[in-house]
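[1] Fold the following, please.
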Amino acid sequence: MNFDEFVKKVRGRAELSGMEAVNAIRATLMTLGERLYGGEPGHLAAQLPHEFTNYLTIPEADRDYSLEEFYQRVAELDGVDYDLAVRNAKAVIQTVVEAVSVGEIEDVASQLPDEYNQLITINREAHQE
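    As a prediction, this is how the structure comes out:
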């Protein structure tokens with residue numbers, strides 16, 4: 001999936017303008033990148049449009065956010081309220097799940113507490129590996 005397709009999907013899912021979608025993608029991927037550890041942010045970035053690489057591979061990663069703290073961090077970075085951050089983050093993560101391999105999503109999910117299962121759902125039938 002290329003950059004334009006990714007943004008278009010997030011725009012549609014979250015009912016955002018183009019710039020709002022890019023901001024939501026940035027905030028969500030930066031927060032996810034902070035939450036992951038080891039080489040996982042880079043592995044995920046390698047399967048997403050190259051425009052998003054810097055969002056995932058940032059210094060000071062490996063922070064233990066609860067899902068609620070994750071959404072609060074997205075809200076802070078995106079400059080939106082909590083409920084909008086939840087909607088936007090779900091749209092971004094759903095698009096990430098579609099854009100990368102099932103194995104990569106499983107690797108990401110394995111680094112997150114079970115409470116993140118409501119955010120990251122894997123539909124194996126929707127993937128073509």
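
[2] give me the number of residues near Leu112?
    For Leu112, the neighbour count with other Cβ atoms under 10 Å is 18. Heads up, the C-betas are built off the backbone N, CA and C, glycines and all.

[3] And the one 5 residues further on, by the same measure?
    The tally of other residues near Asn117 (other Cβ under 10 Å) stands at 12.

[4] That one against Glu106, yeah?
    No. Asn117 is not in contact with Glu106 according to Cβ atoms under 8 Å; the separation is 11.9 Å.

[5] buried set for the strand or helix carrying Glu20?
    Counting by DSSP states H and E, the element that carries Glu20 is helix 18-35. Across helix 18-35, burial judged by 16 or more other Cβ atoms under 10 Å covers 20-35.

[6] again with stretch 3-16
    Counting neighbours by 16+ other Cβ under 10 Å, one finds that the buried residues in stretch 3-16 are 6-7, 9-11, 13-14, 16.

[7] closest to Ala46 among those residues?
    Comparing these against Ala46 with Cβ to Cβ places Phe6 closest, at 14.5 Å.

[8] of the buried residues of stretch 3-16, closest to Ala89?
    The shortest approach to Ala89 among these belongs to Ala14, at 9.0 Å (Cβ to Cβ).

[9] And the pLDDT for that closest one?
    pLDDT for Ala14: 97.

[10] how about it, what does it touch?
    Listed by Cβ atoms under 8 Å, 6 or more residues apart in numbering, the contact set of Ala14 reads 20-21, 24, 87-88, 90-92.

[11] No more questions from me, cheers.
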